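Undergrad: Need coordinates for the below:
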Amino acid sequence: MPSSSDLARHLNEVRQRIAQAEAAASRDASSVALLAVSKTFPAEDVRAVFEAGQRAFGENYVQEAVAKIAALADLRDQVQWHFIGPLQSNKTKVVAENFDWVHSVDRLKIAERLSEQRPESMAALNVCLQVNVSGEASKSGVAPAEALELARRIAALPRLRLRGLMAIPEAAESLDEQRAPHRRLRELMESLRADGLELDTLSIGMSADLEAAILEGSTMVRIGTAIFGARDYSN
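TA: A predicted model of the protein is given here:
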């Protein structure tokens with residue numbers, strides 16, 4: 001299990017990778033936000049990464065995440081919690097009440113439930129439309145051809161703020177192969193913006209492909225392994 005100093009070092013290394021990728025893409029420094037994906041890791045690891053300066057954390061599993069948010073309640077005003085996993089209808093209320101962002105909206109029904117269940121006392125819930133950019137049968141996400149209609153309908157819902165698009169592309173080895181699906185997502189977002197939707201977030205890029213994502217316009221990379229280490233799913 002990594003120590004607090006290990007986690008701080010890993011976080012700094014990821015930030016350096018992001019900065020180098022921004023420079024390589026001729027993009028402004030700090031144009032890419034870092035989302036630290038803390039799924040399967042304990043609350044004390046999140047606290048250590050918070051103490052090293054990180055403020056946005058991503059979670060995939062509702063019950064685990066809510067327990068972690070409660071354990072870190074003293075940090076709540078300083079932390080942004082992002083839900084990035086598949087979301088079932090019976091879990092939308094808990095997510096609407098506890099998170100600041102949801103990246104994995106891929107059906108109107110889910111968006112409508114989040115809208116209805118977001119407490120009026122809270123700021124609008126930031127949401128991203130998940131797109132199945134590689135066309136994989138095993139992956140969640142709306143088909144690119146259906147994204148515009150769904151995005152329009154989500155954007156009209158109260159208590160939600162549609163921020164952009166998210167994808168989990170098929171793994172690829174070479175930089176050029178990695179860039180292709182990232183490019184397709186960026187081009188899709190450009191087309192939605194040309195249609196009048198006010199979008200500012202491209203949530204794409206993980207530990208293995210963040211450089212390709214940043215070259216293609218990612219504004220938020222979701223990094224878990226490179227910060228927290230390899231995951232143990234045995235529990």
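Undergrad: Flag every buried residue along stretch 182-194.
TA: For stretch 182-194, a neighbour-count test (16 or more other C-beta atoms under 10 Å) marks H182, R183, R184, L185, R186, L188, M189, L192 as buried. All C-beta atoms are positioned from the backbone trio N, CA, C, and that covers glycine.
Undergrad: Just the pLDDT for I204.
TA: At I204, the model reports a pLDDT of 97.
Undergrad: number of nearby residues for it?
TA: 32 (other C-beta atoms under 10 Å).
Undergrad: That one contacts I214, correct?
TA: No: the pair I204 / I214 is not scored as a contact, 9.3 Å apart, by C-beta atoms under 8 Å.
Undergrad: any residues in contact with both of those two?
TA: Counting by C-beta atoms under 8 Å, 6 or more residues apart in numbering, the residues touching both I204 and I214 are V221.
Undergrad: Convert the C-alpha atoms of the helix or strand hosting Q63 to CSV, please.
TA: If you go by DSSP states H and E, Q63 is part of helix 62-71. Taking Å, rounded to 0.1, in the frame of the first residue of the first chain, the C-alpha atoms of helix 62-71 are listed here in CSV:
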residue,chain,number,x,y,z
VAL,A,62,-22.2,4.3,-5.5
GLN,A,63,-22.2,2.7,-2.1
GLU,A,64,-18.4,2.8,-1.8
ALA,A,65,-18.3,6.4,-2.9
VAL,A,66,-21.0,7.6,-0.5
ALA,A,67,-19.2,5.9,2.4
LYS,A,68,-16.0,7.6,1.4
ILE,A,69,-17.7,11.0,1.0
ALA,A,70,-19.1,10.6,4.6
ALA,A,71,-15.7,9.6,5.9
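Undergrad: tell me what it is packed against?
TA: helix 43-51, strand 80-83, helix 92-98 (3 or more C-beta pairs under 8 Å, 6 or more residues apart in numbering; DSSP states H and E).
Undergrad: and the buried residues of stretch 182-194, which of them are in helices?
TA: H182, R183, R184, L185, R186, L188, M189, L192 (DSSP state H).
Undergrad: leaving aside the residues next to it on the chain, what's closest to A96?
TA: Nearest non-adjacent residue to A96, counting by C-beta to C-beta, 6 or more residues apart in numbering: Q117, 4.0 Å away.
Undergrad: pretty sure the one you found contacts K91?
TA: No: with contact defined as C-beta under 8 Å, Q117 does not reach K91; the gap is 10.4 Å.
Undergrad: Give me the more crowded residue out of these two.
TA: Counted by other C-beta under 10 Å, Q117 and K91 do not tie: K91 has more neighbours, with 18 against 15.
Undergrad: gap between the more buried one and N60?
TA: 12 Å (C-beta to C-beta, to the nearest Å).
Undergrad: JSON lines for the buried residues of stretch 182-194, including pLDDT and distance to Q54?
TA: Shown next, in JSON lines, are these (pLDDT from 0 to 100; distance: C-beta to C-beta, whole Å):
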{"residue": "H182", "pLDDT": "96", "distance to Q54": "23"}
{"residue": "R183", "pLDDT": "97", "distance to Q54": "28"}
{"residue": "R184", "pLDDT": "96", "distance to Q54": "29"}
{"residue": "L185", "pLDDT": "97", "distance to Q54": "25"}
{"residue": "R186", "pLDDT": "97", "distance to Q54": "25"}
{"residue": "L188", "pLDDT": "97", "distance to Q54": "29"}
{"residue": "M189", "pLDDT": "97", "distance to Q54": "25"}
{"residue": "L192", "pLDDT": "98", "distance to Q54": "30"}
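Undergrad: May I see those residues organised as CSV, with distance to V221 added?
TA: Below are the buried residues of stretch 182-194 laid out as CSV (distance: C-beta to C-beta, whole Å):
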residue, distance to V221
H182, 11
R183, 16
R184, 17
L185, 13
R186, 14
L188, 18
M189, 15
L192, 21
